[in-house]
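Q: Prediction below, plus the sequence it came from.
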Amino acid sequence: MRFTKSSVFALALCVVGTSAALANEKDTQAACMAAGSQVSTALSGTPQNADEARHEKKLGFEACNAGFYHQGMVHYARAMELLGVKG
């Protein structure tokens, strides 16, 4: 019985994860790369005190490289917000 409950819970998590992935299909590797490039451009014109934005850019880069494109886009958007750039 315990195994059955665990299996059902794991299956439910997979279904929820798949639904979330399909809902964010616009967040692709190409979109992540483009957003990273935009953040790099924005950072190149800022003073050295943009450490928090640089940190968000790093987190976005790592997330995109790991295949978590939506999470990467969230970090890149946060970096742009910190830099005062509206998207």
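A: The structure has been received and is ready for your questions.

Q: just for this protein, where's the confidence low?
A: 1-25, 87 (pLDDT under 70).

Q: residue boundaries of the helices in it?
A: 2-23, 29-44, 51-65, 69-82 (DSSP state H).

Q: Residue 78: neighbour count?
A: The number of residues packed near residue 78 is 18, by other C-beta atoms under 10 Å. Every residue, glycine included, has its C-beta placed from N, CA and C.

Q: Can you name the residues that contact the closest residue to it other than its chain neighbours?
A: Using C-beta to C-beta, 6 or more residues apart in numbering and skipping the chain neighbours, the partner closest in space to residue 78 is residue 56 (4.6 Å). Contacts of residue 56 were listed using C-beta atoms under 8 Å, 6 or more residues apart in numbering, and they are 39, 75, 76, 78, 79, 82.

Q: Repeat that for residue 63.
A: Applying C-beta under 8 Å, 6+ apart, the residues near residue 63 are 32, 69, 71, 72, 75.

Q: From what I see, residue 46 and residue 82 are in contact.
A: No - assessed by C-beta atoms under 8 Å, residue 46 is found out of contact with residue 82, at 9.6 Å.

Q: Identify the contacts common to those two.
A: Between them, residue 46 and residue 82 share the contacting residues residue 53, judged by C-beta under 8 Å, 6+ apart.

Q: out of the two, which sits in the busier spot?
A: Between residue 46 and residue 82, counted using other C-beta under 10 Å, residue 82 has the larger neighbour count: 20 against 14.

Q: Looks like that one contacts residue 55 (just checking).
A: No - using C-beta under 8 Å, residue 82 is not in contact with residue 55, being 9.2 Å away.

Q: Check the contact lists of these two and give me the overlap.
A: Contact criterion C-beta under 8 Å, 6+ apart; no residue bridges residue 82 and residue 55 by contacting each.

Q: neighbouring contacts of stretch 78-87?
A: Contacts of stretch 78-87 (C-beta under 8 Å, 6+ apart): 38-39, 42-43, 46, 50, 52-54, 56-57, 60, 77.

Q: With that, I have no additional questions.
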